[in-house]
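Participant: make a model of this:
(one chain, ligands or ions: 1)
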Amino acid sequence: MGAVLAGHGLVKKYGSTTALGGVDVEVGERDSLAIMGPSGSGKSTLLHTLAGIIRPDDGQVLLRGERIDSLGENRLSALRRKRFGFVFQCGQLLPELPAEENVALPLMLEGVPRAEAVARGRRWFAPLGLEGLERRRPGQLSGGQAQRVAIARALAVEPDVVFADEPTGALDQRTSTEVVQLLTFATRETGAALVMVTHDADVAAHCGRVLQVRDGRISGYSQFTIA
Ligand SMILES: Nc1ncnc2c1ncn2[C@@H]1O[C@H](COP(=O)(O)OP(=O)(O)OP(=O)(O)O)[C@@H](O)[C@H]1O
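Facilitator: The predicted structure follows:
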């Protein structure tokens, strides 16, 4: 079976800094990949390049075999909205909207009527342990609850790939474990691939594979068997 997302020979330079020096990476359906490495090694650049946020100077990004890095900006941003979900370190939820409307937002941006978008988004509240919190605003949620709302929002469009950039970076260890378990479980349930940057080896160990990046190149690879 072909890769859902692939990067081939990815190069990105900032002046004399080589952030990516020719990286090859692939993720398949239900596959989860953690990207680890020291500060400044190119992890975020790799995630953002795969997600079509940064354009590589050389190499290609393919989504289900189709090249996306050469798309025009409008098509690329439409593709990001429809086919990718994003989870950031701090949920980046809209503070004035209740949880269920934050989750429904990506669907509403795609033209789904509000009531239907909220109903579709609500299916994630029980599996993510958020039942009863639908009307709470982000300021009334704990850090872990807010990250679970962010996961629900990332999954609302039923994306091909979920990108998570330090999704547990602001959480304590116990909450990190809960959040990464839910993130990997819920992403696999939808059949999406997961690409996650993390500094935390315990968090990375929940992914099927771990890619080590150093000085913009892959320096190691490990594979886990997920029960
Ligand atoms: N917009 C930019 N302009 C100039 N240099 C950049 C830019 N973005 C990243 N870099 C440089 O590219 C290299 C890789 O940065 P990147 O943010 O990808 O690393 P990282 O591994 O994600 O780091 P961290 O763990 O600290 O977030 C670094 O040397 C960084 O300073």
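
Participant: for the rest of this, base every contact and every neighbour count on C-alpha atoms.
Facilitator: Noted.

Participant: only the buried residues of stretch 205-224, if you could.
Facilitator: Counting neighbours by 16 or more other Cα atoms under 10 Å, one finds that the buried residues in stretch 205-224 are 205-218.

Participant: got a list of contacts for the helix or strand hosting residue 78?
Facilitator: Element membership for residue 78 (DSSP states H and E) is helix 73-83. Helix 73-83 is contacted from outside by 51-52, 68-69, 106, 110, 157-161, using Cα atoms under 8 Å, 6 or more residues apart in numbering.

Participant: the most centrally placed residue in the chain: what secondary structure?
Facilitator: With distances taken as Cα atoms, centre = their mean, the chain has residue 163 as the residue nearest its mean C-alpha position (1.5 Å). For residue 163, the assignment made with DSSP: H, G, I helix; E, B strand; the rest coil gives strand.

Participant: residues contacting it?
Facilitator: Neighbouring residues of residue 163 by Cα under 8 Å, 6+ apart: 47, 51, 84-87, 194-196.

Participant: switch the cut-off to 7 Å
Facilitator: Neighbour list for residue 163: 85-87, 194-196 [criterion: Cα atoms under 7 Å, 6 or more residues apart in numbering].

Participant: show me what contacts residue 58?
Facilitator: Contact analysis of residue 58 by Cα under 7 Å, 6+ apart lists 9-11.

Participant: where are the low-confidence patches of the protein?
Facilitator: 1, 91, 224-227 (pLDDT under 70).

Participant: who in it is up against the ligand?
Facilitator: Along the chain, the residues adjacent to the ligand under the rule Cα under 6 Å from any ligand atom are 14, 19, 38-45.

Participant: from the chain's centroid, how far away is stretch 114-133?
Facilitator: Put simply, stretch 114-133 sits 19 Å off its chain's centre (Cα atoms, centre = their mean, to the nearest Å).

Participant: before we move on, what about stretch 11-19?
Facilitator: Centre-to-centre, stretch 11-19 and its host chain are 23 Å apart (Cα atoms, centre = their mean).

Participant: which residues are contacting that stretch?
Facilitator: Residues contacting stretch 11-19 (Cα under 7 Å, 6+ apart): 20-23, 41-42, 45, 56-59, 215-216.

Participant: so which of the residues of the chain next to the ligand is the closest to residue 139?
Facilitator: Distance to residue 139 across the residues of the chain next to the ligand (Cα to Cα) is lowest for residue 44, with 27.4 Å.

Participant: check which helix or strand covers the closest one.
Facilitator: Going by DSSP H and E, residue 44 is part of helix 43-50.

Participant: do the same with residue 120
Facilitator: Assigned by DSSP H and E, residue 120 belongs to helix 114-122.

Participant: who does that helix touch, helix- and strand-wise?
Facilitator: Judged by 3 or more Cα pairs under 7 Å, 6 or more residues apart in numbering; DSSP states H and E, the packing partners of helix 114-122 are helix 99-109.

Participant: and the helix it packs on with helix 73-83, angle?
Facilitator: Between helix 99-109 and helix 73-83, the angle comes out at 140 degrees (axes from the mean of the first three to the mean of the last three Cα atoms, to 10 degrees).

Participant: what's the closest of the residues of the chain next to the ligand to residue 152?
Facilitator: Nearest to residue 152 among these: residue 44, at 22.2 Å, using Cα to Cα.
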